[in-house]
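>>> heads up, no residue letters with this:
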């Protein structure tokens, strides 16, 4: 079963960059950050229609929040490894895609926003690496940093709560949620 509470718990306890960081920085915190960043910058670019601005903004933010939710059910791997791995004879990227489709279907999310989310998912790594990786080298940066975004320390429990609160604000169906 796909459960929002399970997703929040799992992502809050998973550390980005395989834990090779200065402090715990969870996938949940990363996802909450993107849920705020992506629609803000897309609105600046005029990406949302005037007639459906609020709905598109919310849908985009919800997609950003849930973009790494598959990591609850299947371990994340870097792209060069993921493209070569298989599970039961099926490419791992295809397995991940199937899980993502199930999650997005369960919560009524629009996968069309993933292209935009992935752009900022890549860009935010510059900010994260500057703050988190002890041996980060600026000359190795591939993407432009996101202006005025700073990584702070969240506990896993706080990250879980922020994830669930953000999901509620974005009206992601959480009928499986326990009252907190």
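That came through, no problem. This one's a predicted model, so the numbers in the text were calculated from it and none came from an experiment. Numbers count the residues shown, from 1 in each chain.
>>> all helices of this structure, in order?
For the chain, helices defined by DSSP state H occupy the ranges 4-13, 27-44, 53-66, 79-82, 92-106, 114-132, 156-169.
>>> How far off centre is stretch 73-89?
With Cα atoms, centre = their mean, to the nearest Å as the basis, stretch 73-89 stands 18 Å off its chain's centre.
>>> and if you look at stretch 159-177?
For stretch 159-177, the distance to the chain centre is 14 Å (Cα atoms, centre = their mean).
>>> go on, stretch 26-36?
With Cα atoms, centre = their mean, you get 5 Å for stretch 26-36.
>>> In stretch 141-149, which of the residues would be classed as buried?
The neighbour-count check on stretch 141-149 (16 or more other Cβ atoms under 10 Å) flags 145, 146, 149 as buried. No exception for glycine: its C-beta is placed from N, CA and C like everyone else's.
>>> Which pLDDT value goes with residue 104?
Looking at residue 104, its pLDDT is 97.
>>> List the contacts of it.
63, 66, 110, 111 (Cβ atoms under 8 Å, 6 or more residues apart in numbering).
>>> how about a cut-off of 6 Å?
Shown in contact with residue 104 (Cβ atoms under 6 Å, 6 or more residues apart in numbering): residue 111.
>>> Could you report the separation of it from residue 7?
Using Cβ to Cβ, to the nearest Å, residue 104 is found at 12 Å from residue 7.
>>> what's the answer for residue 144, then?
Per Cβ to Cβ, residue 144 is found 30 Å from residue 7.
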